[in-house]
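> below is the sequence, then the predicted model.
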Amino acid sequence: MHYLPFSRNRNLVGRENVIAKLKRLLFTDLDSQRVALVGLGGIGKSQIALELAYLIKNDIQSHEHRSVIWMPALSLASFEQACTTIINKFGIKYASDEDPKETFRKFLSSDKAGKWFLIIDNADDISVLYRSEQQPGGIADFLPYNDDGRILFTTRSQEVAVHVAQNNVVEIPEMDRTEARALLHKSLIKKDQMQNTALIDELLHELTHLPLAIMQASAYINTTKILIKQYLQLLQNTDQDRVELLSHGFHDGSHYRSAQGAVATTWVVSFNQIRDMDKDALKLLSFAAYIEPKAIPRTLLPELGSEQKMTHAIGTLCGYNFFSQREGSDTLDIHSLVHLMTRVWNEAQGLRKEMQQMVLARVAEVFPTDEWENRHLWRQYLPHAIKLLATEWSAEDKASCKLGFWVGRCLLVEGRVRESMARLEGVLTYQETILAENHPDRLASQQDLARAYLANGQVKKAVGLLEHVLTIRKVIFAEDDLDRLLSQQELAGAYLADGQIKKAVELQQHVVAMRQNILAEDHPDQLASQHHLARAYLADGQIKKAVELQQHVVAMRQNILAEDHPDQLASQHHLARAYLADGQIKKAVELQQHVVAMRQNILAEDHPDQLASQHHLARAYLADGQISEAVELLEYVVAVRETTLAENHPDRLSSQHELAEAYQANDRGRVSNTDETSTPLNHPTSGVSPDARQLFDKVASSSLFDDGTRIVRFIHGKPGSQTTFFDRFRIGLEKRVGQRIDWSPFPPISRPCLPSEYKVVWKP
């Protein structure tokens, strides 16, 4: 299996020595599993790597078959999209709760992947490759290792080259005159223009023998049918100041000194010609300069009036090698340096502000709402929208406010809670300066921000904001207004999270009653309110009511929603919880297993909903006596939540608490062989029944008991933790041994318990 999104470059000439050295380092020397190909932008790194890829792919003489895979490294988002594509293309089986990047890494690191050759292209930014405060997870964390695997990096940065390949670095030399002539000759349609060698050498000198510049020049000459002499005159008439401006932003140190301005000079000519001959192509090029340069959906580009115009404009840009179309898809890439230089050129032409406004307006126009059915579209658009919104010039703009609102909501659906919260806070800050307090858009943003706060464990802030929204909506809307009812539903959910259960039940009952008068029985909003009322009933101890109502919601949603729709899975998740509370343990386990399996197919591994279903499945396992399964699953949930949630987040604390209970229930511990008849007088269980004493000895000597108690004490000491976390564990054990326990002697969680510290003070 291979993944090469670009066709072979039939115009490649020379570079035999470079390719031979790469082959030797990668496939002959045994100690060179990673090699870096370094050189100036436009010198042909990617084309050389692509040629080597096809040579390895088509090699039948060596009888050494290797899968050949091409991966972009311009950004983590682009890398992740490529991982997803490869997983689907190769039919890789994987635990569907895994990050696509991690799935890709694990598969290629396994023996079943066989021999492979991986090209990491455009690895130019060290902050994208390695972790930093701004980039918490770098591409390097997801690169595979396998004795039968080889990796080639292409990069403009010597620093990156040394980091990724140590001393296995191959530098690409400048093309000599013979190679440059051969490349131009092969690229031109009219070969007779090559007869004037002096003119050809002058042109190649102006282009600094740079392969990309030569290819672009020949494409321009072929497309416009002008003479080489005319093209040379255009180059020599270029303002030097403009060349310097277009060259600004290249931070490659000495690697750019020998060819300073060459690519920029060629692109100035191409930009000007495209401006004069194809306004539509210029519009697309300028648009693409302000979004992610990789994986640009064709549907995101501005409309040009007809499909024929769009096809022609893209064809023009591909002809200049500015755009490349991915094989078998409507996705485009723009070269990273073209991406940069187009912005500089727009600045020089006085087009920057106009283009920025156009890009924001277009992306805001086509960005979808957060309905689940739109997820495939918003997942394509999100990297581009996020890049746009991160720019300083988009901070205060109505279009960016609209875009930020929907991006924030989509991020919340994706479980990227903190990103969602930051985006919605920015939207609200802007709205507060231009909109009245009772403006519908401002209220909508406040309500969604409260939802993000709630998901982030900031319950009090969520309650306060939702009470504010409801107070205003009560003034301007009738009692049965849908927006007002939605605010009441959201507030009821916040009350529930805040422990104000009676308030939650009362308010949610009101919402259900009002919606019954105005909505059909199977209306999504009515089912949502019944779902939330069932949750409130469960929290209030009205278990039978919760089961009955949630069963009704699940049955109704089965008729109108897909099996994997998040709303249906949420209902099943909470029905399983109700079953567990009702003592229907087998039903709870079976249904929660179904929810976990379905969510693995549609959600990221660290999505809050998926972690919640795994958490409650572990609780069901625990109730069902499947202790080992419960411990294993809870250890996983705790580990993930420790990386994604604040230390005092209720969900994180809850999982730690359940893990402590699972440890305490686990029967893998060491069992004390103390004979009950030899119990010393000062034993904590002196005077109690032999069964209680035996249970204490078993629990106290368990290898996991100290873990459980330390976790409980840790949770109990956290600000914002609920006392019931500690009390449930304490009371459960005290009931088993028949005595009260003073837990204070146990040591902190930061270190293991010593045998001498197993001193529990028993209270009558």
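Done, it's in.
> strands along the stretch 401-550 of the chain, start to end?
Counting by DSSP state E, counting those that start in this stretch, the stretch 401-550 of the chain has no strands at all.
> one more: the chain?
Ranges of strands in the chain, per DSSP state E, are 34-38, 67-72, 116-121, 149-155, 169-171, 296-297, 323-325, 331-334, 740-742, 761-763.
> quick one, which of those strands gets closest to R362.
When these are compared by C-beta to C-beta, strand 296-297 sits nearest R362, at 12.1 Å. Any C-beta I mention is one placed from the backbone N, CA and C, and that applies to glycine too.
> could you dump the strands of the chain to a markdown table with mean neighbour count and mean pLDDT?
Below are the strands of the chain laid out as a markdown table (neighbours: other C-beta atoms under 10 Å; pLDDT from 0 to 100):
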| stretch | mean neighbour count | mean pLDDT |
| --- | --- | --- |
| strand 34-38 | 24 | 92 |
| strand 67-72 | 22 | 92 |
| strand 116-121 | 23 | 93 |
| strand 149-155 | 24 | 92 |
| strand 169-171 | 18 | 91 |
| strand 296-297 | 20 | 96 |
| strand 323-325 | 18 | 84 |
| strand 331-334 | 22 | 91 |
| strand 740-742 | 14 | 57 |
| strand 761-763 | 13 | 40 |
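> just send those back as a markdown table, with distance to T433 too.
As requested, the strands of the chain are exported to a markdown table (distance: least, C-beta to C-beta, whole Å):
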| stretch | distance to T433 |
| --- | --- |
| strand 34-38 | 48 |
| strand 67-72 | 39 |
| strand 116-121 | 44 |
| strand 149-155 | 44 |
| strand 169-171 | 52 |
| strand 296-297 | 33 |
| strand 323-325 | 39 |
| strand 331-334 | 35 |
| strand 740-742 | 56 |
| strand 761-763 | 60 |
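> so for stretch 496-515, what gets flagged as buried?
For stretch 496-515, a neighbour-count test (16 or more other C-beta atoms under 10 Å) marks 496-497, 500-501, 503-505, 507-508, 510-512, 514-515 as buried.
> wait, doesn't K586 sit right on Q626?
No. Between K586 and Q626 there is no contact under C-beta atoms under 8 Å: 11.2 Å.
> pick out whichever of these two has more residues nearby.
Per other C-beta atoms under 10 Å, whichever of K586 and Q626 has more neighbours is Q626, with 16 against 11.
> now do the contacts for that one.
Contact partners of Q626, counting by C-beta atoms under 8 Å, 6 or more residues apart in numbering, are V589.
> look up how far H657 lies from it.
19 Å (C-beta to C-beta, to the nearest Å).
> confidence score at N272?
Note for N272: predicted pLDDT of 81.
> and the nearest residue to it once chain neighbours are set aside, how far from L617?
In this structure, N272 finds its nearest non-sequential neighbour in L234, 8.0 Å apart by C-beta to C-beta, 6 or more residues apart in numbering. According to C-beta to C-beta, L234 and L617 sit 68 Å apart.
> so between these two, which is more surrounded?
Neighbour count, other C-beta under 10 Å: between L234 and L617, L617 has more, with 28 against 17.
> so what's the residue count around the closest residue to the more buried one other than its chain neighbours?
In this structure, L617 finds its nearest non-sequential neighbour in Q592, 4.2 Å apart by C-beta to C-beta, 6+ apart. Using other C-beta under 10 Å, Q592 is surrounded by 26 other residues.
> verify the contact between Q592 and H615 for me.
No. Judged on C-beta under 8 Å, Q592 makes no contact with H615 at a distance of 9.7 Å.
> can you list the weak-confidence ranges in the chain?
41, 60-63, 132-136, 237-269, 273, 319-321, 336-337, 394-396, 667-764 (pLDDT under 70).
> how's the protein carved up into domains?
Using automatic domain parsing, the domains assigned to the chain come out as 16-171, 177-361, 669-763.
> end to end, how far does the second one reach?
Same thing as domain 177-361. Length of domain 177-361, first residue to last, C-alpha to C-alpha, to the nearest Å: 48 Å.
> how much space separates the closest residue to K101 other than its chain neighbours from A82?
Once flanking residues are discounted, K101 sits nearest to F142: 3.9 Å by C-beta to C-beta, 6+ apart. Shown here: F142 relative to A82, a distance of 11 Å by C-beta to C-beta.
> again, but for E64
From E64 across to A82, the span is 25 Å (C-beta to C-beta).
> so for the two, which sits in the more crowded spot?
Shown here are E64 and A82; by other C-beta under 10 Å, A82 has more neighbours (23 against 11).
> contacts only, for the more buried one.
71-72.
> swap the cut-off to 10 Å and go again
Each residue near A82 by C-beta atoms under 10 Å, 6 or more residues apart in numbering is listed here: 3, 5, 69-73, 100-101, 104, 121, 294-295.
> got it, and N222?
Counting by C-beta under 10 Å, 6+ apart, N222 has contacts 187-190, 319.
> ok, of the buried residues of stretch 496-515, which one's closest to A288?
A497 (43.4 Å).
> and the closest residue to the closest one other than its chain neighbours, how many neighbours?
Distance criterion C-beta to C-beta, 6+ apart; nearest residue to A497, sequence neighbours excluded, is V459 at 4.8 Å. Counted with other C-beta under 10 Å, residues neighbouring V459 total 19.
> can you check the one 4 residues further on too?
Other residues within reach of V463, judged by other C-beta under 10 Å, total 21.
> can you tell me which residues contact the nearest residue to it once chain neighbours are set aside?
Once flanking residues are discounted, V463 sits nearest to A494: 4.6 Å by C-beta to C-beta, 6+ apart. Applying C-beta under 10 Å, 6+ apart to A494 gives the contacts 450-451, 453-454, 459-467, 500, 503-504, 507.
> ok, V589 next?
By C-beta under 10 Å, 6+ apart, the contact set of V589 is 576, 579-580, 617, 619-621, 623-624, 626, 629.
> at 7 Å instead, please
Neighbouring residues of V589 by C-beta atoms under 7 Å, 6 or more residues apart in numbering: 620-621, 624.
> ok, back up a step: ok, the residue nearest to N272 to E307 distance?
Counting by C-beta to C-beta, the gap from L234 to E307 is 32 Å.
> and for T369?
Separation of T369 from E307 (C-beta to C-beta) stands at 25 Å.
> tally of neighbours for Q550?
With neighbours defined by other C-beta under 10 Å, the count for Q550 comes to 26.
> so it sits against A578, correct?
Yes. Assessed by C-beta atoms under 7 Å, Q550 is found in contact with A578 at 5.5 Å.
> give me the number of residues near E371?
Neighbour number of E371 under other C-beta under 10 Å is 11.
> sorry, slip of the keys, the one I care about is E425.
16.
> who wins for proximity to K45 among the strands of the chain?
strand 149-155 (4.0 Å).
> pairing partners for that closest one, with directions?
Strand pairing for strand 149-155, using DSSP bridges, gives strand 34-38 (parallel), strand 116-121 (parallel).
> before we move on, the earlier item: higher neighbour count, T369 and E307?
Legend: neighbour count by other C-beta under 10 Å for T369 and E307, higher for T369 (12 against 9).
> related to what we said a few turns ago, what's the closest of the contacts of N222 to W378?
Distance to W378, by C-beta to C-beta, is smallest for G319 among these, at 31.9 Å.
> rewinding a little: inside helices: which ones of the contacts of A494?
450-451, 453-454, 459-467, 503-504, 507 (DSSP state H).
> tell me the buried residues in stretch 558-578?
561, 565-578.
> may I have it exported as CSV, CA atoms only?
The C-alpha coordinates for stretch 558-578 follow below in CSV (Å, rounded to 0.1, in the frame of the first residue of the first chain):
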residue,chain,number,x,y,z
GLN,A,558,-34.7,5.7,17.8
ASN,A,559,-37.4,6.7,15.3
ILE,A,560,-35.9,10.0,14.3
LEU,A,561,-32.2,9.9,14.9
ALA,A,562,-29.3,7.8,13.6
GLU,A,563,-27.9,5.1,15.8
ASP,A,564,-24.7,7.1,16.4
HIS,A,565,-26.3,10.5,16.9
PRO,A,566,-24.9,12.1,20.1
ASP,A,567,-28.3,12.9,21.5
GLN,A,568,-29.4,9.3,21.2
LEU,A,569,-26.2,8.1,22.8
ALA,A,570,-26.6,10.6,25.6
SER,A,571,-30.1,9.3,26.4
GLN,A,572,-28.8,5.7,26.4
HIS,A,573,-25.9,6.7,28.6
HIS,A,574,-28.2,8.2,31.2
LEU,A,575,-30.6,5.3,30.9
ALA,A,576,-27.8,3.0,31.7
ARG,A,577,-27.0,5.1,34.7
ALA,A,578,-30.6,4.9,35.8
